[in-house]
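Visitor: kindly generate the corresponding structure for this input.
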Amino acid sequence: MSIIPLIIGSIFVVFGAHIIIQFSRFKNEGIKISGYVKGIEKYVSTTRNSNGARSSMLMFRSIVEYTFNGQTRFVKSVSTNEIRHRLNQKVPVVVIETEDGGIRARIDDAMHYFLGFIFLAVGLIAVAVYHFSENSSSVLTAILLIGSLGIAYFISPLLQKFKVQVKSDDDDQFIGEGSTLLETQEDYLKELNTHGFVGKIIALVALFIGVGLIYWGFSYLSGPQFKAGELQALLSDIGGLIGLIESGNLPSKWEKPLILIGMGGLFFLSAIHSFFYQRRKHRKLT
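Guide: Numbers count the residues shown, from 1 in each chain. Below is the predicted model:
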């Protein structure tokens with residue numbers, strides 16, 4: 001198999017591990033103080049795919065005010081597609097004073113680790129695709145994987161040693177052009193309710209899709225090719241069912257209904273989780 005998945009996976013591993021290690025070092029070297037959410041920046045993020053087509057997504061990031069050495073400054077949170085902080089909420093801020101007198105700050109937020117783990121997980125999946133394919137090299141996999149982790153571990157100190165300025169959008173003291181700042185309780189609640197309503201609509205659509213797929217799957221099981229009680233007998237031995245699937249000996253008549261029921265169950269559970277998540281988040285942010 002081509003080593004492209006291994007190379008791409010190693011690159012993702014480097015980025016993911018670097019994000020995690022860099023933020024951990026930042027926390028260890030910095031001073032933790034408190035700040036307050038003074039506003040929520042709302043903006044549209046536009047990206048291009050490999051075909052040149054544009055895709056847009058509504059994004060939010062909290063603007064946190066803090067005071068360090070008698071100077072009032074602002075720091076931005078990691079951008080996400082949902083509001084994550086309340087107005088005037090007290091949040092921890094980690095501050096580092098650079099050798100040239102500058103100030104770098106980050107909100108002490110687990111989202112930094114989450115983003116790093118996302119990159120890391122994608123990279124490890126790509127590496128696993130190569131590793132478990134035919135004609136793969138375990139030695140090459142181990143070398144690139146260990147090398148990627150080593151690069152991630154040493155890259156931050158090297159950048160600091162050679163005085164490479166690593167700037168982040170978190171340090172930006174200004175609101176981006178085209179952004180909207182939600183800084184009043186009225187605007188904040190209006191946006192929160194609108195965003196929550198859209199989330200509930202999406203969850204409701206997912207719920208109907210899930211129920212429809214499950215119904216479609218069970219409708220196949222009422223056909224003449226299936227005997228009464230055959231489904232119950234199959235599901236009563238989950239280990240045997242998994243063995244049939246892995247060995248490829250599962251009769252073809254089961255494939256479509258089981259796939260439809262499985263996909264429907266996934267949509268259904270995702271919708272239920274979304275409803276509870278939206279409810280819990282609204283209580284937390286109001």
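
Visitor: what residue ranges in the stretch 1-150 of the chain score low on pLDDT?
Guide: The stretch 1-150 of the chain contains residues with pLDDT under 70 at 1, 49-50, 52.

Visitor: now the helices for it?
Guide: For the stretch 1-150 of the chain, applying DSSP state H, counting those that start in this stretch gives helices covering 4-29, 111-131, 138-161.

Visitor: wait, which of the ones you listed is closest to residue 59?
Guide: Taking C-beta to C-beta as the criterion, helix 111-131 is the member of these that comes nearest to residue 59, at 12.8 Å. (Glycine included, C-beta is placed from N, CA and C.)

Visitor: which other helices and strands does that closest one contact?
Guide: Helix 111-131 sits against helix 4-29, helix 138-161, with contacts defined as 3 or more C-beta pairs under 8 Å, 6 or more residues apart in numbering; DSSP states H and E.

Visitor: out of the ones you listed, which comes closest to residue 255?
Guide: Residue 255 lies closest to helix 4-29 among those, at 27.2 Å (C-beta to C-beta).

Visitor: the residue nearest to residue 105 when sequence neighbours are not counted: neighbour count?
Guide: In space, not counting the residues next to it along the chain, residue 105 is nearest to residue 75; the distance is 4.2 Å by C-beta to C-beta, 6 or more residues apart in numbering. A count of neighbours around residue 75, defined by other C-beta atoms under 10 Å, yields 24.

Visitor: cool, residue 240 as well?
Guide: Here the count is done by other C-beta under 10 Å, and residue 240 has 12 residues near it.

Visitor: name the SS class of it, please.
Guide: helix (DSSP: H, G, I helix; E, B strand; the rest coil).

Visitor: same check, this time on residue 175
Guide: Recorded secondary structure, residue 175: coil (three-state DSSP).

Visitor: would you format the helices of the stretch 1-150 of the chain as JSON lines with distance to residue 91 and mean neighbour count included?
Guide: Converted to JSON lines, the helices of the stretch 1-150 of the chain look like this (distance: least, C-beta to C-beta, whole Å; neighbours: other C-beta atoms under 10 Å):
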{"stretch": "helix 4-29", "distance to residue 91": "14", "mean neighbour count": "18"}
{"stretch": "helix 111-131", "distance to residue 91": "12", "mean neighbour count": "17"}
{"stretch": "helix 138-161", "distance to residue 91": "24", "mean neighbour count": "14"}
